[in-house]
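1. 3D, please:
(chains A and B)
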2 protein chains.
Amino acid sequence: MQTTVTLRDVARAAKVSVSTASRALAGGGLTSKSTEARLQRIAAELGYRPNTLARGLKTRSTRLVGLVVHNLTNASFRVLAEVVQRRLRAEGYQALLCITADDPEQEAETIETLADQRVDGLIICPTGHNGALLASLDASGTPVTCVVRRDETVELETVLAADPEGAYAGTRHLLELGHRRIGLIVGRQETTSGRERLSGYRRALEEAGIAFDPTLVHAGRYEPETGLAGCRQLLDRDDRPTALFAANHESALGVLRGLAERNIALPDDISLLCYEDVPGFAWQRPAISVVDSGANAMAELAADRLLQRLRPNAAPSAAGEYRIGARLIQRQSVRPVAH
Amino acid sequence: MQTTVTLRDVARAAKVSVSTASRALAGGGLTSKSTEARLQRIAAELGYRPNTLARGLKTRSTRLVGLVVHNLTNASFRVLAEVVQRRLRAEGYQALLCITADDPEQEAETIETLADQRVDGLIICPTGHNGALLASLDASGTPVTCVVRRDETVELETVLAADPEGAYAGTRHLLELGHRRIGLIVGRQETTSGRERLSGYRRALEEAGIAFDPTLVHAGRYEPETGLAGCRQLLDRDDRPTALFAANHESALGVLRGLAERNIALPDDISLLCYEDVPGFAWQRPAISVVDSGANAMAELAADRLLQRLRPNAAPSAAGEYRIGARLIQRQSVRPVAH
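-> Residues are numbered from 1 along each chain as shown, chains lettered A, B, ... in the order given. Here you go, the predicted model:
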């Protein structure tokens, strides 16, 4: 199978750095004439499209791309940072990592700084409070791709998880195993992901003819404390749920502690499904069943979209929205309800 | 208590981005005369040392600092990335995140690319194979600070964990509780951390008059698989250890699985101590006792050192080595040996 030749392949063959290769192929005297000629020859030999690239590359390009996330604790952001920087590097770009702590003020400052640095593009998980800044950057020729969250105040190209479908599929899996009282520990309802995961859960219940019971839902930050509080509250009920659905990997840590402190065994006494996968879950005993939200695929697509728009003569953004399908991974923490 | 006024404080007071503030204070017409004057006034009011800064700042500064780690899966690298980018940003620098997968070839390419980008400085966890490249960068005026690992082929400023002392303190803690057969799951002996953690373990045993038994040691990569294999091997012995010391958080995941698959309970049937802390360990039940290797303090000191060397008129590097003390955190997975 033929794979695409990247700028990196050309650089390796020429034994120069990727950025030297990109400058040489861009032409315009950014490197010596002999380097330019040599790189163009090697690129042609390998089948890299040097002419298209050379024609369109802005010589003012900094080869820098901003990557703005809320933190590196959440597994999705970690995966995003690893994948995006790898993909960018293979095309001769460097990622400028910025962390906003989901704080609108820090985000505004970050966007301004990246604009000052004249980044070629930006991949960002927005707080939702600086849409105008992002839109003006995008309109002025610095493409912006949003990921994980949408900024609902503006129209920007956005790559999201399929949260409504993922939560629906997870809830349906539990229903099919006979569970009727399913406790949901979910994100804050001010966030897209919190709302969408709740809506998927409700839809699955409604389809199964089960009335939605808001007292089975505990909403809060994606933190272990939320999972612990929700787990305790749900276990205190007379009609204890037979299954719990934890809305992210951090809250699941708190749920596991809540179950352990009351000696409630997985999956015999209760079933647990978690939204979002982390390596530790497969190693747990019992291994935790999950709805994998597709962080890897989201990161790859965000990189794809931005890189395409960084190409010369790229079509202007259609401000489209992309959704990555979630995937149920059955392990050992869920079982059919006992009768 | 008086805290140091950072460039960020000045920028906030002036309601401009940090990079605008840095350019204004650097003088030389990088911003408008009125911005320059206003920023210098505000900096003086706040007690920021604008003259020192303005005098020495290279106007060719890119305000970019390379941050090179092996991955973002390991907790120490994650903490390093979060802390370093926050500290740099507070001084008007942006972190260029690069991931090498501990691969010398990728590392060489990364260092060249960062040099091409004309970064002001570099914080790197070296593979140990590109010391000459790093040393020449450092010698040419781009300060390099190594962190987590030393490149033993060259003299560069380096911030390390106190692994020999940490492993010694952890082993001693187990000895004091009466454990005599302590299984050690440790890193590969080709790495500094693997060797140093083993040496700390040996020293504690020797001091306690216990002969070193190499069959109690299992060395491998810092991965769950290593912990699982080591755990199984140690549990298969007739004289099973009464305590296990797992050399990092990933291998501990495998140890926990190995214990669970044989229904061996912590801490009643065996004690477990882990080198390196992650948030999940405090949430486990029983909570896992650890030797905290001080990733936060290491990251802060690496940032301190590099920022000091980026100051105007900074003294040339003394190529010093710094060690961050490890700290024992007692939770619930270790108990005195049963008699």
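
2. who's in contact with stretch A:17-26?
-> A:7-8, A:10-11, A:14, A:16, A:30-31, A:35-36, A:38-40, A:43, A:50, A:53-54, A:57, A:59, A:61, A:63, A:89-92, A:94, B:109, B:112-113, B:116-117 (Cβ atoms under 8 Å, 6 or more residues apart in numbering or on different chains). (C-beta placed from N, C-alpha, C; glycine too.)

3. Make a ChimeraX selection of the buried ones in the residues you listed.
-> To isolate the buried ones among those in ChimeraX, judged by 16 or more other Cβ atoms under 10 Å in any protein chain shown, type:
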select /A:7,8,10,11,14,16,30,31,35,36,39,40,43,50,53,54,57,61,63,89,90,91,92,94 /B:109,112,113,116,117
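
4. Which of the contacts of stretch A:17-26 fall within helices?
-> A:7-8, A:10-11, A:14, A:35-36, A:38-40, A:43, A:50, A:53-54, A:89-90, B:109, B:112-113, B:116 (DSSP state H).

5. buried residues in the helix or strand hosting A:Leu259?
-> Assigned by DSSP states H and E, A:Leu259 belongs to helix A:249-261. Within helix A:249-261, the residues scored as buried using 16+ other Cβ under 10 Å are A:249-260.

6. Which helix or strand in chain A has the lowest average pLDDT?
-> Of all helical and strand segments in chain A, the minimum by mean pLDDT, DSSP states H and E falls on helix A:50-56, at a mean of 38.

7. Quick one: residues in contact with the helix or strand just after it.
-> The element immediately downstream of helix A:50-56 (helix or strand, assigned by DSSP H and E) is strand A:64-69. Strand A:64-69 has contacts (Cβ under 8 Å, 6+ apart) with A:77, A:80-81, A:84-85, A:88, A:93-100, A:107, A:110-111, A:114, A:117-125, A:306, A:310, B:64, B:96-97, B:117.

8. Which members of those residues are classed as buried?
-> Buried among these by 16+ other Cβ under 10 Å: A:77, A:80-81, A:84-85, A:88, A:93-100, A:107, A:110-111, A:114, A:117, A:119-125, A:306, A:310, B:64, B:96-97, B:117.

9. Can you tell me the closest non-neighbouring residue to A:Val217?
-> A:Leu184 (4.8 Å; Cβ to Cβ, 6 or more residues apart in numbering or on different chains).

10. related to what we said a few turns ago, at contact distance from chain B, anything in the helix holding A:Leu259?
-> Yes: Helix A:249-261 comes into contact with chain B (Cβ under 8 Å from any Cβ of the partner chain), by way of A:250, A:253-254, A:256-257, A:260-261.

11. surely A:Gly320 meets A:Glu157?
-> Yes: in this structure, A:Gly320 is within contact of A:Glu157 by Cβ atoms under 8 Å, at 5.8 Å.

12. Compare neighbour counts for those two and give me the winner.
-> Set side by side, A:Gly320 and A:Glu157 show more neighbours around A:Glu157, with 20 against 11, by other Cβ atoms under 10 Å in any protein chain shown.

13. tell me the phi and psi of that one?
-> phi -60, psi 130 (degrees, to the nearest 10).

14. List the contacts of it.
-> A:Glu157 neighbours (Cβ under 8 Å, 6+ apart): A:143-146, A:305, A:309, A:317-321.

15. give me the beta-bridge partners of it?
-> A:Thr145 (DSSP bridges).

16. Quick check: it vs A:Leu306, distance?
-> 8 Å (Cβ to Cβ, to the nearest Å).

17. okay, and the common contacts of these two?
-> A:143, A:145.

18. Which residue, neighbours along the chain excluded, lies closest to the residue of the stretch 101-250 of chain A found nearest chain B?
-> Nearest residue of the stretch 101-250 of chain A to chain B, counting by Cβ to the nearest Cβ: A:Glu112, 3.9 Å away. Distances taken as Cβ to Cβ, 6+ apart place B:Ser17 nearest to A:Glu112, at 3.9 Å, with adjacent residues excluded.

19. Repeat that for A:Cys231.
-> In space, A:Cys231 is closest to A:Gly258, 3.1 Å off (Cβ to Cβ, 6+ apart).

20. Could you pull up the contacting residues of that neighbour?
-> By Cβ under 8 Å, 6+ apart, the neighbours of A:Gly258 are A:227-228, A:230-232, A:235.

21. Out of the residues you listed, which end up buried?
-> A:227-228, A:230-232, A:235.

22. Adding secondary structure and pLDDT, write the contacts of A:Gly258 out as JSON lines.
-> Converted to JSON lines, these look like this (DSSP: H, G, I helix; E, B strand; the rest coil; pLDDT from 0 to 100):
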{"residue": "A:Gly227", "secondary structure": "helix", "pLDDT": "97"}
{"residue": "A:Leu228", "secondary structure": "helix", "pLDDT": "97"}
{"residue": "A:Gly230", "secondary structure": "helix", "pLDDT": "98"}
{"residue": "A:Cys231", "secondary structure": "helix", "pLDDT": "98"}
{"residue": "A:Arg232", "secondary structure": "helix", "pLDDT": "97"}
{"residue": "A:Leu235", "secondary structure": "helix", "pLDDT": "97"}
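
23. I am finished for the moment; much appreciated.
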